[in-house]
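> Predicted model and sequence follow; I will ask about them next.
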Protein chains: 2
Amino acid sequence: MAQLIALFLCRCRPPDVVVFPRCVEEVSALAKVCHKHRLPIIPFGTGTGLEGGVGAMKGGVCFSLRNMEQVLDLHPEDFDVTVEPGVTRKTLNAYLRDTGLWFPIDPGADASLCGMAATSASGTNAVRYGTMRENVINLEVVLADGSVVHTAGKGRRPRKTSAGYNLTNLFVGSEGTLGIITKTTLRLYGIPEAMVSAVCSFPSVQAAVDSTVQTLQAGVPIARIEFLDDVMIDACNRFSSLSYPVTPTLFLEFHGSEQSLEEQVKTAEDITQSNGGSDFQWARDTETRNRLWKARHDAWYAALALRPGCKAYSTDVCVPLSRLPQIIVETKEDLIENRLTGPIAGHVGDGNFHCLMVVDPNDPEEMHRVHLFTERLARRALAMDGTCTGEHGVGLGKRALLCEEMGPVGIQVMQSLKDALDPNNLMNPGKILQREEP
Amino acid sequence: MAQLIALFLCRCRPPDVVVFPRCVEEVSALAKVCHKHRLPIIPFGTGTGLEGGVGAMKGGVCFSLRNMEQVLDLHPEDFDVTVEPGVTRKTLNAYLRDTGLWFPIDPGADASLCGMAATSASGTNAVRYGTMRENVINLEVVLADGSVVHTAGKGRRPRKTSAGYNLTNLFVGSEGTLGIITKTTLRLYGIPEAMVSAVCSFPSVQAAVDSTVQTLQAGVPIARIEFLDDVMIDACNRFSSLSYPVTPTLFLEFHGSEQSLEEQVKTAEDITQSNGGSDFQWARDTETRNRLWKARHDAWYAALALRPGCKAYSTDVCVPLSRLPQIIVETKEDLIENRLTGPIAGHVGDGNFHCLMVVDPNDPEEMHRVHLFTERLARRALAMDGTCTGEHGVGLGKRALLCEEMGPVGIQVMQSLKDALDPNNLMNPGKILQREEP
């Protein structure tokens, strides 16, 4: 239970100091001071991570990067842009609005883009556009000793490279444990000529997931394909004043030219209907589409509203596509058996889903049941060739599970990389890897 | 000049021993012997790399992995497969033929897939399907001490993960300097319902590249868009008995449904014509398409045939798309000024192109001119925010340029990773990083 409690408490483990640097030179100078005095450094973007990544487990200095908020070096003709750590995904997309370009990666929160790089975030568009791993071109990082590295070389932004070790993707997902990300260069995409969203209800989880797999197999370049179980859609209906049938549901979105949309939609409709899905309920105009996806992004709040006064804890796993029906069905049975509230929402095109656990933090017995449940869920994913975390990262909450997932040699390799870049364990200590934790 | 000569000679720097392990246990046992006796290890796949990656610069033991040639664990419903190091890309695609799936990454040679992972290979389809970086899900790697690591955990194959440091993409592109890849799990794709190829001639390099950029901006999901300059198309005409106009040329390929192809082609044709391109010459049936792409893949031999008795050396760089016309025009001027034969072919959708230098190895003065030319080309790419190597890797030939590209801190970070995983510098010593080289 320790780790779940740690998650709820970690916002209460404050650092000794918070600094608000305004530029990379200040970050570097401050990091040098910390290095000299052996003070832990905790990078802080928007604090919207879900695995306790910003808790100051050993005290130290929190580097809040909110004052570095410039959008730099937009190159529309090259489809790339560089941003500082205070820039969030919504801010960037607002900035880009007149260029015809956008950045599609969308975790639920309006997270900072450098934080999203640090946690290897993804979201509803990943099935089409990839995760942060595929969309970061370069990073500027302040290392534990205060030196500054550019992971692909300073100012470089080729769309591909094979120049030495892939430092960019070593720092993407390193959760602040290897350095402080002070700039990220991102790949942008043209805003599709047309977009249309649809909602489809299914008689069973299997039917919804089968439709997903068959849609991908048919080569439909679907942009979003999101699963909501009956409990989740019920919560969304209540919270966002919608009225979808309370059964397993897919929210879909298609991007392309008008003509290609027609074809994509027809193929997807044929597939969903052959699996017993309902007629599509359409969201064609921007306002209706935005309302639909806001409801999906508000799933966290919708879940919370199921039990006023409770706290939410979202856990996620990811498995090969073909294992999805089994793991979701078993997980729902587990929830019912253990009297837990845990609506399920997932990026099923990636094999990734979340249980939004709603729990009374003052009920230790329920906390214990939630803890055991999340462990069983992760182990179920591991037993199906999957991962204990598809997009939330490891943070504090999944360190023990990471050991099971990677095995001892894998953990040892990770530890040796950490030791190589941060020999004094100053960078966000105690996250991802357990060694040297009290 | 030393590095160019080294490239030509490195096939003549034989190892002391070649071993032919049949399974990972044998690779591990042999690596332990090498570790104990401090013998260098040089992993060998098909030997088709272009930057001298397999030369035994310090002697030692060559691990030829050709006897490990099983295709393992095909999961068609999950779009993934695992292969041993002896399996080449063509062998895999022949194996997959009846499944409706394929693996699209296609460097010129019929390279081994584990070797392609080791060198972060890409090819003509990368603009649509990505490079090895985006398509390797997991690797089994024997480390310098003989221990075995699975970079995403043993047997795991989720389509995405945020479980700790991204070890998979640290080993992809590490060119045998961090470990021996003994298995790779790859992402597969559905074979498109329809494919069509076309050839289009242009009045200028600028017109061809502008067409490329505009096609991408228009959101056409083009599968291949390959540039050949006048010298290259002339060489291909002669070598492959074709008769295309001898001007800057694009080879294009479109993948999708019949209906979406029509639309893609129409958009691309409108764009090329507005830039003064010729009518498309079509390759619709499989045989004609294969002939076209074989001609493109045979560019190396076509270049060689321009000067019988000479040797070829292919160098590649990659720049942001908008810089392509300038760098190609300047490079062609440089070739002419310096009386060098260097047809240009490129994956221009990625900003990546090759100069296929044809040189008389017995003419030291010409060798010197080629060497200076390749350095100027790389520095031109670096000055345009690009990389000195888009897909060939660093090997021996580009170690000095890598230092210019990354800067001292970047090189130091790479060296510290190397030292952490291979403290005795046994794994393919002298490649990528220069330290400790004689």
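Arrived safely.
> Quick check: beta-bridge partners of A:Ser314?
A:Leu356 (DSSP bridges).
> right, and it touches A:Phe353 too?
No. With contact defined as Cβ atoms under 8 Å, A:Ser314 does not reach A:Phe353; the gap is 10.5 Å. Quick note: C-beta positions are derived from backbone N, CA and C, even for glycine.
> Look at the two and report which has more neighbours.
The neighbour count for A:Ser314 versus A:Phe353, taken as other Cβ atoms under 10 Å in any protein chain shown, is higher for A:Phe353 (27 against 19).
> what's the offset of the helix or strand containing that one from the middle of its chain?
In this structure, A:Phe353 is located in strand A:352-359 according to DSSP states H and E. Distance of strand A:352-359 from the chain centroid (Cα atoms, centre = their mean, to the nearest Å) equals 13 Å.
> got the CA positions of whichever helix or strand comes after it in PDB?
Using DSSP H and E, the next helix or strand after strand A:352-359 towards the C-terminus is helix A:364-383. What follows is helix A:364-383, C-alpha atoms only, in PDB (Å, rounded to 0.1, in the frame of the first residue of the first chain):
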ATOM      1  CA  PRO A 364      -7.500   2.400   4.600                       C
ATOM      2  CA  GLU A 365      -9.200  -0.800   3.800                       C
ATOM      3  CA  GLU A 366     -10.400   0.500   0.400                       C
ATOM      4  CA  MET A 367      -7.000   2.000  -0.300                       C
ATOM      5  CA  HIS A 368      -5.500  -1.400   0.300                       C
ATOM      6  CA  ARG A 369      -8.000  -3.100  -2.100                       C
ATOM      7  CA  VAL A 370      -7.200  -0.400  -4.800                       C
ATOM      8  CA  HIS A 371      -3.500  -1.000  -4.300                       C
ATOM      9  CA  LEU A 372      -3.800  -4.800  -4.700                       C
ATOM     10  CA  PHE A 373      -6.100  -4.300  -7.700                       C
ATOM     11  CA  THR A 374      -3.600  -2.000  -9.500                       C
ATOM     12  CA  GLU A 375      -0.800  -4.500  -8.900                       C
ATOM     13  CA  ARG A 376      -3.000  -7.300 -10.300                       C
ATOM     14  CA  LEU A 377      -3.900  -5.200 -13.300                       C
ATOM     15  CA  ALA A 378      -0.200  -4.500 -14.000                       C
ATOM     16  CA  ARG A 379       0.800  -8.100 -13.600                       C
ATOM     17  CA  ARG A 380      -2.100  -9.100 -15.900                       C
ATOM     18  CA  ALA A 381      -0.600  -6.800 -18.500                       C
ATOM     19  CA  LEU A 382       2.900  -8.200 -17.900                       C
ATOM     20  CA  ALA A 383       1.600 -11.800 -18.300                       C
END
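> and A:Arg369, how far is that from chain B?
25 Å (Cβ to the nearest Cβ, to the nearest Å).
> Identify the residues contacting that residue.
Listed by Cβ atoms under 8 Å, 6 or more residues apart in numbering or on different chains, the contact set of A:Arg369 reads A:Asn338, A:Arg339, A:Leu340.
> can I assume A:Asn166 is in contact with B:Ala117?
No. Counting by Cβ under 8 Å, A:Asn166 does not reach B:Ala117; the two are 11.7 Å apart.
> Show me whatever sits in contact with both of the two.
Shared contacts of A:Asn166 and B:Ala117 (Cβ under 8 Å, 6+ apart): B:Val172.
> okay, these two: which has more neighbours?
B:Ala117 (30 against 24).
> Then the more buried one would be within a strand, right?
No. Counting by DSSP: H, G, I helix; E, B strand; the rest coil, B:Ala117 is not part of a strand but helix.
> just to revisit the earlier point, just the buried subset of the contacts of A:Arg369, written out for PyMOL, thanks.
If you want just the buried ones from the contacts of A:Arg369 in PyMOL, going by 16 or more other Cβ atoms under 10 Å in any protein chain shown, the selection is:
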select buried, chain A and resi 340
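> Dump the contacts of A:Arg369 to JSON lines, plus distance to chain B, pLDDT and secondary structure.
Listed next are these as JSON lines, based on distance: Cβ to the nearest Cβ, whole Å; pLDDT from 0 to 100; DSSP: H, G, I helix; E, B strand; the rest coil:
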{"residue": "A:Asn338", "distance to chain B": "25", "pLDDT": "97", "secondary structure": "coil"}
{"residue": "A:Arg339", "distance to chain B": "29", "pLDDT": "95", "secondary structure": "coil"}
{"residue": "A:Leu340", "distance to chain B": "24", "pLDDT": "96", "secondary structure": "coil"}
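> Quick one, grab the pLDDT at A:Gln412.
We have a pLDDT of 98 for A:Gln412.
> Please disregard the earlier target; I meant A:Ile5.
Listed pLDDT for A:Ile5 reads 50.
> Run a quick neighbour tally on the nearest residue to A:Ile271 once chain neighbours are set aside.
Leaving aside its chain neighbours, A:Ile271 sits nearest to A:Gln214 (4.7 Å; criterion: Cβ to Cβ, 6 or more residues apart in numbering or on different chains). By other Cβ under 10 Å, 18 other residues sit near A:Gln214.
> I figured A:Gln214 hits A:Asp270, correct?
No. Counting by Cβ under 8 Å, A:Asp270 is not a contact partner of A:Gln214; they are 9.4 Å apart.
> Could you tell me which residues of the stretch 201-350 of chain A lie near chain B?
A:213, A:216-219, A:221, A:256-257, A:259-260, A:263, A:267, A:318-322, A:350 (Cβ under 8 Å from any Cβ of the partner chain).
> In ChimeraX, how would I select the buried members of those?
The buried subset of these, as determined by 16+ other Cβ under 10 Å, is captured in ChimeraX by this line:
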select /A:213,216,217,218,219,221,256,257,260,263,267,318,319,320,321,322,350
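> Counting only helices, which of the residues of the stretch 201-350 of chain A next to chain B make the cut?
Secondary structure from DSSP state H places A:Val213, A:Leu216, A:Gln217, A:Gln259, A:Ser260, A:Glu263, A:Thr267 of those in helices.
> State the pair within those residues that is farthest apart.
Using Cβ to Cβ, the two most remote members of these are A:Val213 and A:Gln259, lying 25.7 Å apart.
> tilt between the lengthiest helix in chain A and helix A:364-383?
As assigned by DSSP H, the longest helix anywhere in chain A is helix A:399-421. Counting by axes from the mean of the first three to the mean of the last three Cα atoms, to 10 degrees, helix A:399-421 lies at 70 degrees to helix A:364-383.
> quick one: helix A:399-421 near chain B?
Yes. Residues of helix A:399-421 contacting chain B under Cβ under 8 Å from any Cβ: A:402, A:405-407, A:409-410, A:413-414, A:416-421.
> What of stretch A:430-437?
Yes. Contact of stretch A:430-437 with chain B (Cβ under 8 Å from any Cβ) involves A:Ile432, A:Leu433.
> can you pull the buried residues of that stretch?
Buried, per 16+ other Cβ under 10 Å, within stretch A:430-437: A:Gly430, A:Lys431, A:Ile432, A:Leu433.
> likewise stretch A:292-302?
A:Leu292, A:Trp293, A:Ala295, A:Arg296, A:His297, A:Asp298, A:Ala299, A:Trp300, A:Ala302.
> The last one and A:Cys236 touch, don't they?
What it means is A:Ala302. Yes. Proximity of A:Ala302 to A:Cys236 meets the contact threshold set by Cβ under 8 Å, at 4.9 Å.
> what sits in contact with each of these two?
Contacts common to A:Ala302 and A:Cys236, judged by Cβ under 8 Å, 6+ apart, are A:Ala295.
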